[in-house]
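> sequence and predicted structure, then a few things I'm wondering about:
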Amino acid sequence: MAKTNPTSSEVIAAAKKLGRPIESNQGKPLAVYLDQLIKWNKKMNLVGPTNWPTVFKTLVVDSLHLADFLTSMELSKDNLTLDLGAGAGLPGIPLRALWQKGEYWLVESRERRTLFMRSVVGKIHLPGTHVFEGRAEEVLDHIRETQPDAMADLILSRAFMPWLKLLDFVRPMLRENGTVVILANTPPPKPEELPEGWQLESEADYAAAGKTRYFWSLKMVA
């Protein structure tokens, strides 16, 4: 039987074991997310692993390191972040338990996954965190119903689409000097491999599940 219902203390201990400790008040929201993910996973096949420790060390680990990466970036306190292809809320929901700057939109076209994310976000009460069901190119129109001039300051992508295609896709969605952060299993491209109008801002790597994973921060420039 899949192990579910982790305690806050167990999650805190698991994070410490991975070498990325979390604060005592961050254990509970992560525990709730893991508990709900495992329960829903039995019916919806949201992720491959069927127990929370494996989910934590192979998937949630990305969110822990991503929180540090985003904290190191120069982002305004009211920045607008779009998480494209949010799926089961990874990395976004665990990330928001640790990093809560600005408004954060989890963007997903599949109804059952958005139902899951809305349920979990409601249980955890994550500030400034929203779920949009629909195509990625439609999310800004939705946001502009209440924020007429909304543009994304930051866009996150993990396997939403190949990175070169992604840069063309998100250009109309980004504010001037906006940033794209890509979660990848390969190092960032060399500067000469980037299309015109983009520059590599920063990068980071970390070990997870016996492999090296990477973050790239690409800034849109005039």
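Cool, the structure landed. Residues are numbered from 1 along each chain as shown.
> buried ones in the helix ranked longest in the chain?
With residue count as the measure and DSSP state H as the assignment, the chain has helix 27-44 as its longest helix. Of all the residues in helix 27-44, those buried under the rule 16 or more other C-beta atoms under 10 Å are 27-38, 40-41. Heads up, the C-betas are built off the backbone N, CA and C, glycines and all.
> tally of neighbours for the closest residue in space to residue 55 that isn't next to it in sequence?
Excluding the flanking residues, the one nearest residue 55 by C-beta to C-beta, 6 or more residues apart in numbering is residue 49, at 4.8 Å. Residues lying near residue 49 (other C-beta atoms under 10 Å) number 16.
> so which helix or strand takes in residue 49?
Per DSSP states H and E, residue 49 falls between elements, in no helix or strand.
> tabulate the CA atom coordinates of stretch 135-154 in PDB.
Extracted C-alpha coordinates of stretch 135-154, given in PDB (Å, rounded to 0.1, in the frame of the first residue of the first chain):
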ATOM      1  CA  ARG A 135      -4.400  27.100 -23.100                       C
ATOM      2  CA  ALA A 136      -1.200  28.900 -22.000                       C
ATOM      3  CA  GLU A 137      -1.700  31.700 -24.600                       C
ATOM      4  CA  GLU A 138      -5.100  32.500 -23.000                       C
ATOM      5  CA  VAL A 139      -4.000  33.000 -19.400                       C
ATOM      6  CA  LEU A 140      -3.000  36.700 -19.800                       C
ATOM      7  CA  ASP A 141      -6.500  37.500 -21.300                       C
ATOM      8  CA  HIS A 142      -8.000  36.000 -18.200                       C
ATOM      9  CA  ILE A 143      -5.700  37.900 -15.800                       C
ATOM     10  CA  ARG A 144      -6.400  41.100 -17.700                       C
ATOM     11  CA  GLU A 145     -10.100  40.900 -16.800                       C
ATOM     12  CA  THR A 146      -9.000  42.300 -13.400                       C
ATOM     13  CA  GLN A 147      -5.500  43.700 -14.200                       C
ATOM     14  CA  PRO A 148      -5.800  45.300 -17.700                       C
ATOM     15  CA  ASP A 149      -2.100  45.900 -18.200                       C
ATOM     16  CA  ALA A 150      -0.900  42.600 -16.900                       C
ATOM     17  CA  MET A 151       2.300  41.100 -18.500                       C
ATOM     18  CA  ALA A 152       4.500  38.300 -17.100                       C
ATOM     19  CA  ASP A 153       7.700  39.200 -15.300                       C
ATOM     20  CA  LEU A 154       8.700  35.600 -15.000                       C
END
